[in-house]
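# take this sequence and fold it.
(2 chains)
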Amino acid sequence: MGHAPQSPPSPPAASPPMASSMGSMATAPPMGMGGAFSGPPPPGSAGFQQPPGPAGPHGFPPQQGPYGAPVAGPQPAFPGGFPGGAAQMAGPPQKKLDPDSIPSTTQVIEDDQAKRGGQAYTTNQRGQVPPLVTTDFVVQDQGNASPRFMRCTAYSFPCTADLAKQCQVPLATVITPFATIPKNEAPLYVVNHGEAGPLRCNRCKAYMCPYMQFIDGGRRYQCGFCSCVNEVPAFYFQHLDHMGRRVDMYERPELSLGSYEYIATLDYCRNNRPPSPPAYIFMIDVSYANIKSGLVKLLCEELKTLLDSLPREEGAESSAVRVGFVTYNKVLHFYNVKSALAQPQMMVVSDVAEMFVPLLDGFLVNFHESRSVINNLLDQIPDMFGDTNESETVFAPVIQAGMEALKAAECSGKLFIFHSSIPTAEAPGKLKNRDDKKLVNTDKEKTLFQTQQRIYDQLSKECVSGGCSVDLFLFPSQYIDVATMGEVPLHTGGSVYKYCNFQVEADGDNFLSDLRKDVEKPIGFDAIMRVRTSTGFRATDFFGAVYMNNTTDVEMAAVDCDKAVTVEFKHDDALSEEAGALIQCALLYTTICGQRRLRIHNLALNCSSQLADLYKSCETDALVNFFAKSAYRAMVTQPLKTVRDILVSQTAHMLACYRKNCASPSAVSQLILPDAMKVFPVYMNSLMKSPVLVGSVELSTDDRAFHRLLVMGMGVEETQALFYPRLIPLHNMDTAGEGVPTPVRCSEDRLSEGGLFLLENGRHLFLWLGQACPPDLIQSVFNVPSFAHVSCDGNSLPKLDNPHSERLWSIIDRIAVQRPHSMKLLVVKQKDKTEMPFRQHLVEDKGVHGGSSYMDFLCYVHREIRQLLT
Amino acid sequence: MSGPLPKGTYKLPLQVDEDFYFILLSYRVCVQPVVEAPSLTRGLLTCIPPASCTGSPESALRPCIEVSGVSAATAREGRERDCSGTGTSALSLFSEAVMATYQEFIQQNEDRDGVRFSWNLWPSSRLEATRLVVPVSCLFTPLKERPDLPPVQYEPVQCSRANCKAVLNPLCQVDFRAKIWACNFCFQRNPFPPSYAGISDVNQPAELMPQFSTIEYIVQRGPQAPLIFLYVVDTCLEEEDLQALRESLQMSLSLLPPDALVGLITFGRMVQVHELSCEGIAKSYVFRGTKEFTAKQIQEMLGLMRPVNQAVQGRPPATEAPISCRFLQPVHKVDMNLTDLLGELQRDPWPVPQGKRPLRSTGIALSIAVGLLEGTYPNTGARVMLFTGGPPTQGPGMVVGDELKIPIRSWHDISKDNARHLKKATKYYEALANRSAVNGHCIDIYACALDQTGLLEMKCCSNLTGGHIVMGDSFNTSLFKQTFQRVFSKDYNGEFRMAFGGTMEVKTSRELKVSGAIGPCVSLNAKGPCVSESEMGIGGTSQWKVCGLSPSTTLAMYFEVVNQHNAPIPQGGRGAIQFITHYQHSNTQRRIRVTTVARNWADAQSQIQHIETSFDQEASAVLMARLGVFRAESEEGPDVLRWLDRQLIRLCQKFGQFNKDDPSSFRLSESLSLYPQFMFHLRRSPFLQVFNNSPDESSYYRHHFVRQDLTQSLIMIQPILYSYSFYGPPEPVLLDSSSILPDRILLMDTFFQLVIFHGETIAQWRKAGYQDMAEEILQTRHPMPRYIDTEHGGSQARFLLSKVNPSQTHNNLYSWGQETGAPILTDDVSLQVFMDHLKKLAVSSAT
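You can find the predicted model right below:
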């Protein structure tokens, strides 16, 4: 089934409009930072009718690819295309639009990189729009949080709720509290006020930050958030200079920086006791499937070395993280690996109906102290279960066991669960196979993404309250109900990894690399996040891998460097242009060595009563992140069609509002997009074509649920890559070059028969090989003489000692470093059956499983806009 | 009882029973011979010269001897075997047998058959029998050690009548020519099986020979099942205790037969079932200590279920090795493994907050042990050995909560119905014990703690299955260590003194029916013609299960004479009883021991003298005491005492010689002379008195009382007191306060305690080597007695002072004007007062 579109609204679409009447397209002229809206764009600067050419100062130069016309020719119409879309467009060939004339994402990225790449971005101004996520820049914290930590959908909020409602641009920020800071940027400073603890506003409890205004000679300060005047405690007193600033402003991070940390006092700890260092528990499914696939052996072997690289505090000799081991099938096996033992001890718990932890002492141990016992254990596990024929597994009791173990040890931590099959053994959380393709594209489709058993909701809640995060590695060979199994990881700040039909040779390296990254990555535990805002607006909705017990506290059992929370704001009242909008995100967490800390991120935004200011300061990537998460969350409660319709109508609304209020009067037929949002439609189209939202029986339900889980925790960088993959031409690469070559637009048109392309979206990595690729290139890359010899299975890409191969691998390695997940490289040959999954990712084209092409979507949106305007 | 007691004295509670009035009368005249006779102790009783046997005409004695198979010839043969090394002539033994008194007759019967009857002549009618007060009953030791009894290697020959099935015995009439024998219980005439074709009056099978009134058969039935020892170990112990227990357990492995199966369950807050077969990793299955499982669930969770598909596919189930092998392994295979495992046994790691008891899941641990054996080795000899250091504090079977501020129940709480967990826990353990008994597994309890451990609730586990209970202060005491070691002691053949899965069946001749049994057994509910309707003890059945047996295990069997008064028994008629005991010998053989005894009938009207002479007062005292203890388990203490008193008074009325309403004229014949004294001490014993004993101690004492043999039981009723002085060899003395003299060392044996008491002036002679005196008893008794070494005025002297007859108390000390003995600070009545009162009541015409 294709993308189910809105049925044409009754009156206007009686006769399909002619393509020519779709109008020309224009984008708003460039806008300087903070500059005033510079008037309407030159009419007809980038019309469809005009021959390709420079389209204004920031138009879209044609992509002069050296490879000819698209191979596939005109795409066939698919059922359910947009009315007035492709079918009509493709009809009259004379009206064929030039794809180069529509806004190009690659171009926008390239331009931003050229303009702001490699520069320092100082955060000293309120409401400045940061460079794109794809751009390479250095942040200098001068009072506002780095965009790596917080990236907003708009940097100038409308002053009133009416304005906000009118434009329908979501006001949100994507917070990645633990975002990795590049080496060339300063790490966060840690403030320690000792016994006194962090300084906070008496009324709104906001933490001391650069927005606090010291008055009365420094004896008091006024809170920037709630305007309450507080006494400055004696230990903190400092005189003010002639500017009214404290003289020690630059000596104190909390007065001069956007992001910093406080050492928390005991008041901030559970039960008023300092927390213990967290623990990692490895829980391995040793049922038949995992034994047979070789996973258990591989994993046990890997753990022996992996545990040496557990995360540790800067400068610490060894990691404070303790480790524990559990294996399970229908029953659970706990291991006592106390260093004093000569042999590990195994304790079997068969009572899965009421899970409990059979031992306390010796279950969670320091790896360095118990190394020999643990190694002994890891050696024995594959043998012990080598001849198992147990194929049933339990799941909920496993999580419960881990959680109880952490609870008993009074620490937070993370469970690494390596699971193979749908849990069918008689136990709480037993699942049945409910995958029903008949439900696809019906109102009941949403049930496929709902949790099957209530116990998993309950478990999530308990895990979060106990600071127990769950990372799930799935190795299914058939339906495993990711939607249900991923419930707990999703709400506990965990990650889900999925390796279908796992084979050690093919997927082992990916898995190990994922596991290694997952174990090593910086992480905070038992976290509570609170987002405070200045008066006039407040955080109303939170999207992400979090758990909400009430409406304000975001609880996360763990939060790592890749997890982002998207926070939506709503107006309470009018905002003033002078005061702006202030956001303070405070995250209370336990460090990897068991210290309780507060991480504070502050961000000041502009406010404006002019909508133009809003549109100027919009951030497309953050918007997409917001829309993706909100749509993916809505889809479990609403039919997919409704969700898609809302996305389209909101897109149209936002753009129509711009057209109405900000663009100068011009022909209605002309499509005018705000400069900051000119590639927004391509992302939205891609989002609607994503496997989650496109209803197709050909897509596995698990894959869709998995995709959904992934996106819920993603930051802006990841969603950007996911919804607009990089298509990198390699056949003409400069073998002496560095870095990743400039990508081309993500469309089949850009492929050429003689080419070699790499496609990457943070999750998948394809190497596409054109039929007519020169044999010498094939030889140097694949080490086979011709196209026909290239095989698509497994690891067919060798590492060879020639410039092409080395360059290719350096590109692949570079990409791998940029992404938090390892990607399995798939070689795809043109016109081969393996091309299908690859084509799914050419987001400017018509979707393989449905969904319109970029151009069709644009036309459709344009039509919607026109209807809104009239 | 109020106010602080003087140090070092022991004050017994004032026991005023409504049947007795405190009237001090001169008692010396008539009781003196009794009291002063040197026969106060059991050891000396049998040494009374035969001549002193009065009123026992040969006529009464002789048929009896012949009937019961102790013919002169038999006696001779027996003696010859006994004394073959001594060179004594057969003739002298013969004459001795003829001269035998009832004392000797009783002794011989006990030695040969392990049977002591209350009456050795039986009243011939129901009415007369009830008038005798003490029922026709016996103490029977089914596996009495008989070094002289070689087992025979064939199946017993059974009576072919379906509801009889009695075993061929020396009392049967045999027609050698027709090769037919008549059952002496149902008079069915049975042909001999073909294998007996060669039988003749000169070629008789052993079971027909009179000296084989007790005979043991080794039978081949079913596969040989190994012995199983399942250790259930509490880990909530102090480190020192645990260490001692670890060592004891490790040591015990060397004592087990090499092919015995052994298993280990440990418990604390959780219960761990240890897998013993695995190499490399020590593996155990863990259960929550609060959740009860059915046997099926336990087997499922331990992975012991047989694959179900076998039955489904209709294939005959292959004879597979028992799958239980993971948890129960031959000792020789897992010796090292288990030693290591025990060595690494850690204290329960769960923290115990201040003011709490450790969480101890004894109930679940036992239930899992029982379930494990039930599923894997039903009807196979197995011993569950529970080692616990405190009361169960959680889960089903919990005896006390984990709050230390709430103490464990006392007798006071129980009488006030204030013991919250008592009923529930008792019910729980009873259910477990019954399950275990059904499968023939016995449960031992080794409870070592300073406070109570819940024996009251758990006692049934051992009582119903024939297991041991050992109570000590710590595992790190010789009391526990040696007692435990003694469990594995071996007999003259180098075989363990334990037998398993016993069933005991009783057959009676028509005039007699069996009313019940008291001992470490459960009823098998086998109805039959010889089951009486009136129950005494565990009745309503002719078969009992005794899961754990030792050579000293003794059951009290009670019978009812059902012959009607108007249906006289023909002259020379005999009543016969056959005990058939099936059991698994410790060498895993299946054996059947058959004991057939017979006694003469006597008309109580014409032959009351003879019946009186045949009275075995020692056996009767124990038999009545067992009845009393059995009642005490379910009735209020005073009710039991009153019942005992009434029985005693009735007996005295029946057999005493007196003039009405003249207490001073009261006489008792010698065969009854000691009986009142036994009753006096029984009344004061911890079996019936709970004061100053914790419920656990009472349970412990009662447990041992209902299973020990006659000698030990008598010691328990009336402790033995030896006096050591410089004036002569050690001598038994009266258990009386007058025996406590300054220049004596006293040794008292109460079975449970050995008290060495130093007289007041003996302190400087302390190095007199008294250890040697106690050594012998300490070496042999199971359980090992508590060894108490004390002196005059010492706090531990209470053990002695509470036992001796308080003939001198603070009330009468000076009235006697004597300087000997030590006054006891008690308001208890003395034996003298007791006797006076008894006489008064016995002669009273009012009753």
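# Three-state assignment for the residue in the stretch 51-200 of chain B positioned nearest to chain A, please.
Ranked by CB to the nearest CB, the top residue of the stretch 51-200 of chain B for proximity to chain A is B:L143, at 39.8 Å. Where C-beta positions appear, they are placed from N, C-alpha and C, glycine not excepted. With DSSP: H, G, I helix; E, B strand; the rest coil as the basis, the three-state label of B:L143 is coil.
# can you tell me which residues contact it?
B:114, B:499, B:502, B:549-551, B:553, B:581, B:583, B:593 (CB atoms under 8 Å, 6 or more residues apart in numbering or on different chains).
# the residue sitting nearest the centre point of chain B: what secondary structure?
Most central in chain B under CA atoms, centre = their mean is B:R707, positioned 1.1 Å from the mean C-alpha point. Following three-state DSSP, we place B:R707 in the coil state.
# what's the neighbour count on the closest residue to it other than its chain neighbours?
Closest residue to B:R707 in three dimensions, ignoring its sequence neighbours and counting by CB to CB, 6 or more residues apart in numbering or on different chains: B:P520, at 4.8 Å. Here the number of neighbours of B:P520 (other CB atoms under 10 Å in any protein chain shown) works out to 29.
# now A:T735
Each residue near A:T735 was counted by other CB under 10 Å, and the total is 13.
# doesn't it fall inside a helix?
No - according to three-state DSSP, the state of A:T735 is coil, so it is not within a helix.
# nearest residue to it in space, please, no chain neighbours.
Counting by CB to CB, 6+ apart, the nearest residue to A:T735 once its immediate chain neighbours are dropped is A:P803, at 3.9 Å.
# state the distance from the one you found to A:L730.
Distance, A:P803 to A:L730, by CB to CB, to the nearest Å: 12 Å.
# more neighbours, those two?
A:L730 (20 against 13).
# please name the residues that touch the residue lying closest to the more buried one once chain neighbours are set aside.
With CB to CB, 6+ apart as the measure, A:L756 is the residue that lies nearest to A:L730, at 4.4 Å, once sequence neighbours are left out. Applying CB under 8 Å, 6+ apart, we find A:L756 in contact with A:729-731, A:767-770, A:773, A:777, A:781.
# give me the subset of those lying in strands.
A:729, A:767-769 (DSSP state E).
# now flag whichever of those residues is closest to B:Y492.
Using CB to CB, the shortest approach to B:Y492 within those belongs to A:L767, at 88.0 Å.
# does that closest one really touch A:L826, like I thought?
Yes - under the criterion of CB atoms under 8 Å, A:L767 is in contact with A:L826, at a separation of 7.2 Å.
# neighbour-wise, which of these two wins?
When A:L767 and A:L826 are compared on other CB under 10 Å, the one with more neighbours turns out to be A:L767, at 25 against 19.
# contacting residues for the more buried one?
A:L767 makes contact with A:730, A:756-758, A:797, A:825-828, according to CB under 8 Å, 6+ apart.
# what lines up beside the helix or strand A:E261 falls within in the sheet?
In the assignment (DSSP states H and E), A:E261 maps to strand A:259-263. Sheet pairing here is set by DSSP bridges, and for strand A:259-263 it gives strand A:190-191 (parallel), strand A:596-608 (antiparallel).
# with pLDDT as added columns, please give the contacts of B:L143 in TSV.
Formatted as TSV, these follow (pLDDT from 0 to 100):
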residue	pLDDT
B:G114	91
B:A499	90
B:G502	91
B:L549	90
B:S550	90
B:P551	90
B:T553	92
B:T581	94
B:Y583	92
B:R593	94
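# got these as JSON lines, with secondary structure, distance to A:L582 and neighbour count columns?
Formatted as JSON lines, those follow (DSSP: H, G, I helix; E, B strand; the rest coil; distance: CB to CB, whole Å; neighbours: other CB atoms under 10 Å in any protein chain shown):
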{"residue": "B:G114", "secondary structure": "coil", "distance to A:L582": "98", "neighbour count": "27"}
{"residue": "B:A499", "secondary structure": "strand", "distance to A:L582": "88", "neighbour count": "28"}
{"residue": "B:G502", "secondary structure": "strand", "distance to A:L582": "88", "neighbour count": "26"}
{"residue": "B:L549", "secondary structure": "strand", "distance to A:L582": "87", "neighbour count": "29"}
{"residue": "B:S550", "secondary structure": "coil", "distance to A:L582": "87", "neighbour count": "23"}
{"residue": "B:P551", "secondary structure": "coil", "distance to A:L582": "92", "neighbour count": "17"}
{"residue": "B:T553", "secondary structure": "coil", "distance to A:L582": "88", "neighbour count": "25"}
{"residue": "B:T581", "secondary structure": "strand", "distance to A:L582": "93", "neighbour count": "24"}
{"residue": "B:Y583", "secondary structure": "strand", "distance to A:L582": "89", "neighbour count": "26"}
{"residue": "B:R593", "secondary structure": "strand", "distance to A:L582": "96", "neighbour count": "25"}
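# filter the residues you listed by proximity to chain A?
Judged by CB under 8 Å from any CB of the partner chain, the overlap between the contacts of B:L143 and the neighbourhood of chain A is nil.
# among these, which one lies nearest to A:N124?
Of all the contacts of B:L143, B:S550 has the smallest distance to A:N124: 93.4 Å, by CB to CB.
# wait, that closest one sits on B:F496?
No - B:S550 sits out of contact with B:F496 when judged by CB under 8 Å, with a separation of 9.1 Å.
# any idea which residue of the stretch 101-250 of chain A lies closest to chain B?
Across the stretch 101-250 of chain A, no residue is closer to chain B than A:E195, which sits at 28.6 Å (CB to the nearest CB).
# how about the secondary structure of that residue?
State at A:E195, reduced to three classes by three-state DSSP: helix.
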